[in-house]
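Colleague: Structure here, sequence nowhere to be found:
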């Protein structure tokens, strides 16, 4: 059994265990106070697990941590937030199962990034908005950060990287505005807000991303 398969099995188990505490409750209700200590232990176990599998890409950990923090109310752990957490975990699971959680780092060439982009084109042809958006928006973030690092413009906030590239005249104001729009698509995809964009938006992003990779990564490779 591969490491990836073991991670998916463990994640499935955690999703099941967390769901057991909220499956019989309404969204506005809270986790049973009598079980709050064991539930807190389960959440601590979960956040440690997500921390380990997130690696350098901290989004998945940060989002899980933020949801858990927001779930703590005067009445205990709010079921609505815990259901949101389960949705986030299922998103991570889908990514692991379908290789959507792309980890593109500096050692991967622009040509290899184009190969990943071809997977997105395949999903676009099949009319699969969710799958194509996850790949293309993930590639967008990695591409922008890769370009930023090349020109010594780094920041945890993607829009700040874009601002820095514009400030250094690496990209135009028009490109900056377009990249920021695409950054918004990235946020929507990461939060599974699929209704906030259309497949056409992802196709435009994917087409522009191919140009960006070609012009600013492949042709500028040292």
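Modeller: On my side now, so go ahead. What you see is a predicted model, and the numbers here were worked out from it, not measured in a lab.

Colleague: which residue packs closest to the spatially most central residue of the chain, ignoring adjacent ones?
Modeller: The centroid of the chain falls nearest to residue 190 when counting by CA atoms, centre = their mean (4.0 Å). Nearest residue to residue 190, sequence neighbours excluded (CB to CB, 6 or more residues apart in numbering): residue 59, at 6.3 Å. Any C-beta I mention is one placed from the backbone N, CA and C, and that applies to glycine too.

Colleague: Surely the one you found and residue 189 touch.
Modeller: No: here residue 59 lies out of contact with residue 189, judged by CB atoms under 8 Å, at a distance of 11.0 Å.

Colleague: which residues in this protein form strands?
Modeller: 72-73, 76-77 (DSSP state E).

Colleague: Tell me which strands the last one pairs with, and in which orientation.
Modeller: The partner list of strand 76-77 in its sheet, established with DSSP bridges, is strand 72-73 (antiparallel).

Colleague: Contact partners for the residue of the chain most remote from its centre?
Modeller: Within the chain, the residue lying farthest from the chain centre (CA atoms, centre = their mean) is residue 34, at 34.2 Å. For residue 34, no contacting residues are found, by CB atoms under 8 Å, 6 or more residues apart in numbering.

Colleague: That one and residue 82: what is the separation?
Modeller: Distance from residue 34 to residue 82, counting by CB to CB, to the nearest Å: 16 Å.

Colleague: Right, I'll leave it there.
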